[in-house]
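Q: predicted model follows, preceded by the sequence.
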Amino acid sequence: MALLAGGGYAELAAVHHGSAMHVPAVLSDAEAAALPEVYLTAFLNLFMLAGVKASDSVLIHGGGSGVGTASIQLLGLAGARSIVTAGSDEKCEQCLRHGADIAINYKSGPFAPKVRAATKRTRM
């Protein structure tokens, strides 16, 4: 498995050896192919760019997406709180099963008041 610059959709790809990663025996090639893009994208944005710390609360839009669910899991491991939005009650339930602290169906009304209440903030 590898992280490809710009992503990739092919059965075979040539990558620099520094981008290649060992595929754990418990994963199929298809499962392994999905990991680098979603988890490394989530990690980069959350911890390297945003500098999320254990005591932080993070709002994730599209919590039911691949990067969204990876973010939920990484935040949980880091001790940070995840508040997610998703477009259906079923997706919200999925996010909660992945470890989200709060899941808000944005189609059921404005999500900002719910986020303010969850974080005890008066302004965003």
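A: Looks like it arrived, so ask away. Numbering: from 1, shown residues only.

Q: Leu27 versus the residue lying farthest from the centre of the chain, what's the distance?
A: Distance to the chain centre peaks in the chain at Ala14, reaching 26.9 Å (criterion: C-alpha atoms, centre = their mean). Here the criterion is C-beta to C-beta, to the nearest Å. By it, Ala14 lies 21 Å from Leu27. From N, CA and C alone the C-beta is placed, and that goes for glycine too.

Q: can you check Tyr106 too?
A: Distance from Tyr106 to Leu27, by C-beta to C-beta: 33 Å.

Q: how many neighbours does Asp89 have?
A: 12 (other C-beta atoms under 10 Å).

Q: setting aside sequence neighbours, what's the nearest residue to it?
A: Asn105 (5.6 Å; C-beta to C-beta, 6 or more residues apart in numbering).

Q: so the one you found sits against Gly87, correct?
A: Yes - the pair Asn105 / Gly87 is scored as a contact, 7.0 Å apart, by C-beta atoms under 8 Å.

Q: which one is Leu59 nearest to, not counting chain neighbours?
A: Using C-beta to C-beta, 6+ apart, the nearest residue to Leu59 is Ile83, at 5.1 Å.

Q: any idea which element the one you found lies in?
A: strand 81-86 (DSSP states H and E).

Q: and that strand, average pLDDT?
A: On average, the pLDDT along strand 81-86 is 97.

Q: just how off-centre is stretch 90-98 within its chain?
A: 13 Å (C-alpha atoms, centre = their mean, to the nearest Å).

Q: I should have written stretch 50-69 there, sorry.
A: The answer for stretch 50-69 is 6 Å, by C-alpha atoms, centre = their mean.

Q: do the same with stretch 21-34
A: Distance, centroid of stretch 21-34 to centroid of chain: 19 Å (C-alpha atoms, centre = their mean).

Q: CA atoms only: put it into CSV for me.
A: Written as CSV, here are the backbone C-alpha positions of stretch 21-34 (Å, rounded to 0.1, in the frame of the first residue of the first chain):
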residue,chain,number,x,y,z
MET,A,21,4.1,0.6,3.4
HIS,A,22,3.9,-3.0,4.5
VAL,A,23,0.4,-4.5,4.1
PRO,A,24,-0.5,-6.2,7.4
ALA,A,25,-1.5,-9.9,7.0
VAL,A,26,-5.0,-9.2,8.5
LEU,A,27,-5.9,-6.9,5.6
SER,A,28,-6.8,-7.7,2.0
ASP,A,29,-5.1,-5.6,-0.7
ALA,A,30,-8.4,-3.7,-1.2
GLU,A,31,-8.7,-2.9,2.5
ALA,A,32,-5.0,-1.8,2.7
ALA,A,33,-5.4,0.4,-0.3
ALA,A,34,-8.0,2.5,1.4
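
Q: before I go, just wanted to say thanks for your time.
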